[in-house]
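Peer 1: Mind looking at a prediction? Sequence and model below.
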Protein chains: 2
Amino acid sequence: MKDYTKMNILELQANLSNLQERYNKFKSQRLNLDMQRGKPCPEQLDILNGLIDCLSSEEYRTLDGTDCRNYGPPAFLDGIPEAKELFSQMLEVSPKEIIIGGNSSLNLMHDTIARAMLKGVFGSEVPWGKLPKVKFLCPSPGYDRHFAICEFFGIEMIVVDMKCDGPDMDAVESLVAEDEEIKGIWCVPMYSNPQGITYSDKVVDRFARMKTKAADFRIFWDNAYCVHHLTDKPDRLKNILYACKDAGNPDRVFIFGSTSKISFPGAGVSMIAASESNINFIKKQMSVQTIGPDKINQLRHVKYFKNMEGIRAQMKKNAAVLKPKFDAVLEILERELGGTNVGWWNKPNGGYFISLDTLDGCAKRTVAMALEAGVAFTKAGATYPYGKDPRDRNIRIAPTYPPIEEIRKAIELLCICVQIAGIEKLIKEKESYV
Amino acid sequence: MKDYTKMNILELQANLSNLQERYNKFKSQRLNLDMQRGKPCPEQLDILNGLIDCLSSEEYRTLDGTDCRNYGPPAFLDGIPEAKELFSQMLEVSPKEIIIGGNSSLNLMHDTIARAMLKGVFGSEVPWGKLPKVKFLCPSPGYDRHFAICEFFGIEMIVVDMKCDGPDMDAVESLVAEDEEIKGIWCVPMYSNPQGITYSDKVVDRFARMKTKAADFRIFWDNAYCVHHLTDKPDRLKNILYACKDAGNPDRVFIFGSTSKISFPGAGVSMIAASESNINFIKKQMSVQTIGPDKINQLRHVKYFKNMEGIRAQMKKNAAVLKPKFDAVLEILERELGGTNVGWWNKPNGGYFISLDTLDGCAKRTVAMALEAGVAFTKAGATYPYGKDPRDRNIRIAPTYPPIEEIRKAIELLCICVQIAGIEKLIKEKESYV
C-alpha cells in the first residue's frame, strides 16, 4: 500500500508526475460527464412501467367511492384514505399522524418553515419570524437544499459534526439546552445525504429525550431514504415519533418522506408525519393554502404499489440497478485511494450517495481539476451551510444517474485528482520544513 | 307583477301565508340538497375522457426530448416549454411572463402572499410582514378563499363595493392613493365570483393607471374563469398586464389562472403570469421551495388539449352541460322574484355562480330557512371579508354540481325563503309606523 503521508519528497514527486500523466490522458479524452445530482437513471424509471397509465377513464374512485377527478371533501385535505394508509406504513406511523402532500417533500419542508416563521408551530408563543433571531443546527456534511431554505428565511445555521452513528449528540444536547434561539435541526437519519449513515438507536433516543431551551423546538427528520436499501442486510432506524412520545416530548418531530426516488421524481407523492396535535395544527393552516393535493396521482400510486410489499419489491428492483454502480465506485476508490491516507469514504447500505473526504483544504482543488478534465461533481462546500466546508475536504459522489462505464471513468479521474491535490499539499508541507 | 313594496299589510300577510304553506310543503319533502360549492358536476368530468390515461409508458417526453418522469433541468422550474406556450396563450401573455405551478392556483396565491410577507415582492424595500400593518382592498361580494388568506396572514381587509362593470374605482383610486399600508387588491375580473361580472376596459385602464402610495402595490388578478363562457357572445376582458405596461406600471399585477374548471379540479395545472421582472423574482424564490411541479401532468394536459382551440372546444362542451342549469336558475328566479322588489340577481355570460341580493338584513334568515328545509346554500356573509356582509343581503348560488331537477327544487325553495324573509321585513317596517 502506498501511504503518501509516509513518503519523502522524491517519492511523492515521482507519484505526482505519474498521476499528472494519467490526468493529462483523461483531459485529452475531452469527457463531458455529470456526477452532480442525486437523480435516478432512466433504467430506474423504466421499471416503473405502468405507473403512468394505471388509471383509466373508468377507474378514478377511492375505495369509499369518492371521485378523485373532482374537488375532494374537506376530509381529504390530508390525502385519500388509502394513500394515508399505505404511506403511514412506510413511515411507521398511524394514518392520523400523516398528511399526504403534493409532488415534493422539499416543498412540504419549505412550507413548514415558512408557516413557522409567519405563524409559529403548535405550541409557539410567538411566530418564529417575530423573534430577533432564529437558529437551526445543521449536522454537516448534509443536504444543500435544507441549508438553502434556512438561508432564504434568514435562519442562522450552526454546523454540528457528523459521527459514524449520527450527529455529534454531545454538541447537539449542549447547544439546544442553552440557546433559546435554536428552534430546529435538520436530519437525514437514514442513509444520510451524503454519507449514507443511519442514526443509531442511541442517537434517536438522545434526540427524543434531550432538554431544549426553546419549548417549540422541532426536529426536521427528512426520512427520504427509508426504504432505499442496497443490500439484503439493510440498516434499521428507530422510530423517532414514538421515541419522542415515550420521552414525553410527543410534538418534537416533523418527519418527511416522499416517493421521489421510489416512483417518478417530480411526479410522485410527498408526506409529513408528526403527532396528531402537530398534524391537526398544520391541516388547519393548510386549509387556507389549498383544497388538497392531486388525488388522482395518489390513487395512481396506491393502485400501482398496492401495499408495502409492492414498495419493497420495487426498491429491490431499484437496488439491482444501483448496486453495481455503487460497487463500481467503491471498487475504484479502494483500488486508487486505499491506504494512501489522502482520501476516506463510507460504504453505505442504501441511499443515493457516497461521501468522500480528502486531506483538509483539498476538496475545492480536486473538484476543480475534475471539472477541467470534463467531469462535473457536486460543488465542493455544497454539503455545508452557506456552501462553506470549514475544512474544505468533503466531496459528494452521486452514482445513480450516469451509466456504469461513465462512473468508472469519472471516479478514476476523481481519485487521480484527490491524489494530486493531496500529494501537492504534502509536498508543500514538507518543503516548508526545509 | 307583485311588487311587495307597494302592498299594504293585509296583502303582504296573504302572500306570506301562501308562501309559508309552500315552504312547509318543501319541508315535508325532507330534502337533502347541497348548493354550496362551485364544483363541476360528474358530466363535466366524463367529457374529459382520455385525459387521465393519455400518456403511456412510451410517451413521456417533452418536444425537446426531456424525460418528464425524472427531475427536470433547472430551466423547467417554471414548467415544460409546451405547457408554458399553451397556457401563456390562455392568459394572453408571453411564455417568458408565466410560471406553471402545481394543481392549485389558490396555492400559488397563498404562497405569493406568504413570500411577500416574509421577503417582499419585486421592488419592496421591506418585507410586508415587517410592517406594522398591511391592508388589502376586497371588492365585495367576492371569493371567500381570497379573504381567508388575508385573514390568516393578519392582513386587514377593506371592503370596496362592486358595480356592474367592476369594483367602485373612485373608492379604489382614492384609497390606494392615500394609504401606504394598502399593498394589494383581490380581483376576479372575468365572470366574477359570485356576480358573474366582467370588468370593463375602463376599469382595467383605471387599475393600470392609478397612483398608489405603496410603491410595491400589487393587483391579485384571479382570472379563474377566462375561458368559461356560457354563451356564444362571451364577455371580453382587456389584458391588464399590457395595460399596466402601457401605463408605465409594468410590475403592478399578478395574474392567476388554472385548469381547475377546465380539466380535473384538484388534478389540473395552475399558473401565475406577470412582468418578466416579477416572474424572475418569483422563480428565484421558488427555486428554494421546489425542484418544480409535476411535469408529467403538464404533459398530459398539453397532449390532451393540444392548443387553444382544444381548450375552447372543451369549454363549449362544458357550457352545453352548464347552460341549462344556469337557465333553470334564472327562469325560476324570474318567475318567483321578478318584479317583487325583494330580490335582485345577475345574468352572467360565464363563470360558475349567480349572485342574489335580498332586502337588507334578509340573507342570513333566507339561507337559514332553506337549510331548515334541507337545502344548503353558501353561508350568508361568506362572500364578504371576515364572513360579514354589512347589509346582510348577498347569497351565492352555485348551480354547477347538482342535477337540474335538484337545482329547480332548491332555487324554488330559495325564492320562497327570500320572499318570506322580505315580506316579514316589510310587515315589520309597516307595523313600526302604526
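Peer 2: Cool, the structure landed. Bear in mind the structure is a predicted one, so any value in this text is a computation, not a measurement.
Peer 1: if I pick the residue nearest in space to the middle of chain A, what's in contact with it?
Peer 2: Geometric centre of chain A, nearest residue: A:Asn193, 3.5 Å, by CA atoms, centre = their mean. Counting by CB atoms under 8 Å, 6 or more residues apart in numbering or on different chains, A:Asn193 touches A:38, A:142-143, A:224-225, A:351-353, A:396. Quick note: C-beta positions are derived from backbone N, CA and C, even for glycine.
Peer 1: Check it and give its pLDDT.
Peer 2: Looking at A:Asn193, its pLDDT reads 96.
Peer 1: Relative to A:Arg37, how far out is A:Cys138?
Peer 2: Here A:Cys138 is placed at a distance of 21 Å from A:Arg37 (CB to CB, to the nearest Å).
Peer 1: of the two, who's got more company?
Peer 2: Taking neighbours as other CB atoms under 10 Å in any protein chain shown, A:Cys138 and A:Arg37 compare with A:Cys138 leading, 25 against 17.
Peer 1: Backbone dihedrals for the more buried one, please?
Peer 2: Dihedral pair for A:Cys138: phi -130, psi 90, per degrees, to the nearest 10.
Peer 1: which residues touch stretch A:395-406?
Peer 2: The contact list for stretch A:395-406, computed with CB under 8 Å, 6+ apart, reads A:33-41, A:44, A:141, A:193-194, A:322, A:324-326, A:328-329, A:345, A:352-358, A:363, A:366-367, A:377-378, A:380, A:382-383, A:407, A:410-411, A:414, A:418.
Peer 1: One more pass at 6 Å, please.
Peer 2: When contacts are defined by CB atoms under 6 Å, 6 or more residues apart in numbering or on different chains, stretch A:395-406 is touched by residues A:33, A:35, A:37-41, A:194, A:322, A:325-326, A:328-329, A:352-354, A:356, A:363, A:378, A:383, A:407.
Peer 1: among these, which are in strands?
Peer 2: The strands, defined by DSSP state E, take in A:33, A:35, A:354, A:356 from the contacts of stretch A:395-406.
Peer 1: Compare those and tell me which has the most neighbours.
Peer 2: Among the ones in strands among the contacts of stretch A:395-406, A:Leu356 has the most neighbours (other CB under 10 Å), with 26 neighbours.
Peer 1: wait, doesn't that one sit right on A:Lys347?
Peer 2: No: A:Leu356 lies out of contact with A:Lys347 (CB atoms under 6 Å); the separation is 11.6 Å.
Peer 1: okay, and for chain A, where does confidence drop off?
Peer 2: Scanning chain A for pLDDT under 70 picks out A:1, A:434.
Peer 1: Which residue ranges make up the domains of it?
Peer 2: Structurally, chain A divides into domains by automatic domain parsing as follows: A:4-45+A:312-433, A:74-305.
Peer 1: For B:Pro132, find the nearest of those domains.
Peer 2: Among the domains of chain A, domain A:74-305 comes nearest to B:Pro132, with 12.5 Å by CB to CB.
Peer 1: Quick one: distance of that closest one to the chain centre.
Peer 2: Taking CA atoms, centre = their mean, to the nearest Å, one finds the center of domain A:74-305 at 12 Å from the center of the full chain.
Peer 1: First-to-last residue distance for it?
Peer 2: Start-to-end span of domain A:74-305 (CA to CA, to the nearest Å) is 26 Å.
Peer 1: Can you tell me what sits against the longest strand seen in chain A?
Peer 2: For chain A, the longest strand by residue count, based on DSSP E, is strand A:156-163. Contacts of strand A:156-163 with the rest of the structure, by CB under 6 Å, 6+ apart, involve A:135-140, A:150, A:167-168, A:171-172, A:385.
Peer 1: Over to stretch A:20-31?
Peer 2: A:373-375, A:413, A:416.
Peer 1: and chain A, which of its residues are near chain B?
Peer 2: Within chain A, the positions adjacent to chain B are A:39, A:45, A:49, A:52-53, A:55-57, A:69-71, A:102-104, A:106-107, A:110, A:114, A:117-118, A:148-149, A:152, A:264-267, A:288-290, A:294-296 by CB under 6 Å from any CB of the partner chain.
Peer 1: Out of the residues you listed, which end up buried?
Peer 2: Burial by neighbour count, judged by 16 or more other CB atoms under 10 Å in any protein chain shown, picks out A:39, A:45, A:52-53, A:55, A:69-71, A:102-104, A:106-107, A:110, A:114, A:117-118, A:148-149, A:152, A:264-267, A:288-290, A:294-296 from the residues of chain A next to chain B.
Peer 1: and A:Asp201, backbone torsions?
Peer 2: phi -60, psi -40.
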